[in-house]
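In: got a predicted structure here, sequence first:
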Amino acid sequence: MPTGKKHDLVLVTLDREQIAKAKHVNGRRKRITHALICGPYGQIFGTKQQCLKYFAAWDPRRRWEVAPSQWRAGMFPNLFAAAVETDQYEILDYKTTFNLVIKLIALDEACEGN
């Protein structure tokens, strides 16, 4: 699925209707107020705190020291161009993507080989 095009990482504050749809798909007992949309790769639905921990870690502006004095941009530099927060986002699929982290790791590594 790697396309060479980077996508935005989007933290969405859901409205009441979106929360209802997400709970219907992911489980009524789930605490859902936010979504983390990872471009065409998938999404996570949960509380702000749950989504924010991934949003902060995967933000392409964040730098990780991979060796002394060697820095890497973001956790998935080949996948995400920007990290954006919004309360206006059209969501078509309300299902949390199974194993999203593992999927993103594989996609990012596949892009490095190109």
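Out: Now that the structure is in, tell me what you want to look at.
In: could you find the closest non-adjacent residue to the residue positioned nearest the centre of the chain?
Out: Taking Cα atoms, centre = their mean as the criterion, Cys38 is the residue nearest the geometric centre of the chain, at 3.6 Å. Closest residue to Cys38 apart from its sequence neighbours, by Cβ to Cβ, 6 or more residues apart in numbering: Leu9 at 6.1 Å. Just so you know, the C-beta spots here come from the backbone N, C-alpha and C atoms, and that holds for glycine as well.
In: show me what the lowest-mean-pLDDT helix or strand in the chain is packed against.
Out: Of all the helices and strands that make up the chain, strand 70-73 has the lowest average by mean pLDDT, DSSP states H and E, namely a mean of 78. Under the contact definition 3 or more Cβ pairs under 8 Å, 6 or more residues apart in numbering; DSSP states H and E, strand 70-73 sits against strand 63-67.
In: surely Asn26 touches Phe98?
Out: No. With contacts defined as Cβ atoms under 8 Å, Asn26 does not count as touching Phe98, sitting 11.2 Å away.
In: more crowded one of these two?
Out: For Asn26 and Phe98, the more surrounded residue by other Cβ atoms under 10 Å is Asn26, and the numbers stand at 16 against 8.
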